[in-house]
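Participant: For reference, the sequence and a predicted model appear below.
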Amino acid sequence: MTPATGQETIDIAALRVGMFVHLDGGWLSHPFPLSSFAISSMEQIDRLRALGIQRLRWSPELSEPEPVLGDADEVVPSAGPAGSSPLPDESEAGIRRAALAEQRQRLALCDRQFGEAARSFQSVYDQAIEAPREAAGEATRLAAALTSKMLTSDEICIRLLTEDAGDQVAAHPINVTVLTLLLARRLQFSASDMADLGLGALLHDIGKIDLPSHAHQTEETTNRADRQLYESHVAMGVARARRMGLSNGATLIVAQHHEMNDGSGFPRALRDERITPLAQVVALANRYDNLCNPDRLSRAITPHEAMATLFAHGRHLFDPLVLETFIKMMGVYPPGSIVQLTDDRLGIVESVNPLRPLKPRVLVYDRRVDAAEALHTDLEQAPGLGIRRSLKPRALPREVYDYLAPRRRLNYFPDLGELAIAA
């Protein structure tokens, strides 16, 4: 691959801490949170060398400290000299431009990564019937990539994506997988459990591939025959999981993701400890996403209402510790919530840091600033400013609704900490 302007290639043996490197091949093809980043440790260098690549692109002007290259460290320059880095614009307008550029990059990066995950998931579905073992391999790689990203960054925000970020067929399993892994991380599950969780969450509805499309989402139907057909997706999913050769832990998630602690779930009406801890985590993430993203949009409730519903009615359905941890992680106003701030301004929650869920980032309506040019307000950096209440989107004035553009369907993805350059 020809290096971009300002980039050079370097032998993998010559890597040093401080170099800013660029990985090719897509976000799912390597274990790092970003595809472009500054090397911060020898451990990262070891992981880069383990990828088996011989040469790597890097940006000298973004590297600090500048590595000293000896005779053995051959560098192949790109066509044309690399320009020196311009001095940063420290004016108020310059700082704002830089912040807005980073905000756009981060959202675009999350959208792109979600899209890549969605395409990978679609490949799993395309192969599941005719080539189940190959489908299992693809699903395992996708689940492992998502899991590794979650474990390599201390600061992970749950970000609301644009509605066209990815295929809606893949949106639900990816949403459930992301929420499951974030919750499992908070619950301090082991690495082996995280592997089963990622795969089981991704494939929890694999049995629906054997159902007619009209039966994919009939959980609330009053028609007994339709209900039985819908519930059969669990048994069909277990059969598919076995043909795919999934682990016992992942297969149990497929088997139990609709079981509830009070015995009201299906297909076996299991209670409490008879439901595996892994399945209890996936069941909660699945329920939350189904509340926010039902098959019939007319039944959708806001993320804030979904949290209130789980708090009020979920205590007998889910493990108390799992439910409490989920509520603390998502906050009272999860991404996608329409809110009124304590200064009466209106906005939409764009991202939440699970470590500080009461202080999300909010896109605030301001008629003086075009929505595309608006910086999100970080409530953590705004002392004295908070959220007063949540509103339904239909309660917004038309101009505010158009500005905030509430999503009809919610897609979530992890924002893995500070962004330097988008992959």
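Facilitator: Noted; the coordinates are in hand. Fair warning: this is a prediction, and the values are worked out from it, not measured in the lab. Residues are numbered from 1 along each chain as shown.
Participant: use CA for all of it now, contacts and neighbours both
Facilitator: Will do.
Participant: residue contacts, Tyr333?
Facilitator: By Cα atoms under 8 Å, 6 or more residues apart in numbering, the contact set of Tyr333 is Pro303, His304, Val339, Val349, Pro357, Leu358, Ser390.
Participant: Okay, and which of those residues map to helices?
Facilitator: Among the contacts of Tyr333, DSSP state H puts Pro303, His304 in helices.
Participant: which one of the contacts of Tyr333 is nearest Ala98?
Facilitator: Checking those against Ala98 with Cα to Cα, the nearest one is Val349 at 21.5 Å.
Participant: ok, now which ones touch the closest one?
Facilitator: By Cα under 8 Å, 6+ apart, the contact list for Val349 reads Tyr333, Pro334, Pro335, Gly336, Ser337, Ile338, Val339, Pro360, Arg361, Val362, Leu363.
Participant: which parts of the helix ranked longest in the chain are buried?
Facilitator: Determined from DSSP H, the single longest helix within the chain is helix 92-128. The neighbour-count check on helix 92-128 (16 or more other Cα atoms under 10 Å) flags 96, 100, 102-118, 120-122, 124-125, 128 as buried.
Participant: Figure out how far it is from the centre of its chain.
Facilitator: How far helix 92-128 lies from its chain's middle: 10 Å, per Cα atoms, centre = their mean, to the nearest Å.
Participant: Which elements pack onto the helix or strand that comes right after that helix?
Facilitator: Next helix or strand after helix 92-128 toward the C-terminus (DSSP states H and E): helix 132-151. Helix 132-151 sits against helix 92-128, helix 168-186, helix 191-202, helix 224-244, with contacts defined as 3 or more Cα pairs under 8 Å, 6 or more residues apart in numbering; DSSP states H and E.
Participant: Any chance of CSV for these, columns mean pLDDT?
Facilitator: CSV is the format used below for these (pLDDT from 0 to 100):
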stretch, mean pLDDT
helix 92-128, 90
helix 168-186, 93
helix 191-202, 97
helix 224-244, 95
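Participant: Can I get these in TSV including distance to Leu142?
Facilitator: Below are these laid out as TSV (distance: least, Cα to Cα, whole Å):
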stretch	distance to Leu142
helix 92-128	7
helix 168-186	10
helix 191-202	8
helix 224-244	15
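Participant: Just want the angle from the longest helix of the chain to helix 224-244.
Facilitator: 90 degrees (axes from the mean of the first three to the mean of the last three Cα atoms, to 10 degrees).
Participant: So which residues of this protein form strands?
Facilitator: Shown for the chain, the strands assigned by DSSP state E span residues 8-11, 20-22, 36-38, 55-58, 75-76, 157-160, 338-341, 346-352, 361-364, 377-378, 387-391, 412-415.
Participant: Sheet partners, orientation included, of the longest one?
Facilitator: For strand 346-352, the paired strands and their directions (DSSP bridges) read strand 157-160 (antiparallel), strand 338-341 (antiparallel), strand 361-364 (antiparallel).
Participant: among the ones you listed, which is the most enclosed?
Facilitator: Among the strands paired with strand 346-352, strand 157-160 has the highest mean neighbour count (mean count of other Cα atoms under 10 Å), at a mean of 25.
Participant: do you know which of the helices and strands packed on helix 132-151 lies nearest Ala312?
Facilitator: Among the helices and strands packed on helix 132-151, helix 168-186 sits nearest to Ala312 (Cα to Cα), with 19.6 Å.
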